[in-house]
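# 3D model of this:
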Amino acid sequence: MAMPATQIRRGMVLVFEGDPCRVIEFRHHTPGNLRAMVQAKLKNMRSGNSFEHRFRAADSIEKADMETHELEFMYAGGDTWHFMNTENYDQLEMDAETLGDNAQWMQSGM
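Next up is the predicted model:
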């Protein structure tokens, strides 16, 4: 779904150069008598790399088509965290690298 770059918001997932990227920070900027731009810090969801990119206000960006599911944290075993999908009760495992800093805040039943 294409939209203008001025509609970028924090937490949004965009398709940038073929990869899904989450918007970590953004700033809409109009310097003096120059054209408006959006400075965004993005995190590539495949590689985990963070980078900054400057979009012109006239640029068209593609919002990623994402599915979201509510998961409940069950338990951690070693470097693996176990979750349950609350809709269909499927179980899912995630490693420490995927969870990043969020792993330290996990409590059973969340």
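# going forward, measure contacts between C-alpha atoms and count neighbours the same way
Fine.
# and the residue sitting furthest away from the middle of the chain, helix, strand or coil?
Going by Cα atoms, centre = their mean, the residue of the chain most distant from its centre is Asn33, 32.8 Å out. Assigned with DSSP: H, G, I helix; E, B strand; the rest coil, Asn33 falls in the coil class.
# The stretch of helix or strand Met84 belongs to pairs with which strands?
Assigned by DSSP states H and E, Met84 belongs to strand 80-85. Using DSSP bridges, the strands paired with strand 80-85 are strand 71-77 (antiparallel), strand 91-95 (antiparallel).
# Can you tell me what sits against it?
Here strand 80-85 makes contact (Cα atoms under 8 Å, 6 or more residues apart in numbering) with 69-76, 90-96.
# same thing with stretch 37-54?
5-6, 19-30, 55-57.
# Of those, just the buried ones, PyMOL syntax please.
Entered in PyMOL, the line below selects the buried ones among these, by 16 or more other Cα atoms under 10 Å:
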select buried, resi 5+6+20+21+22+23+24+25+26+28+55+56+57
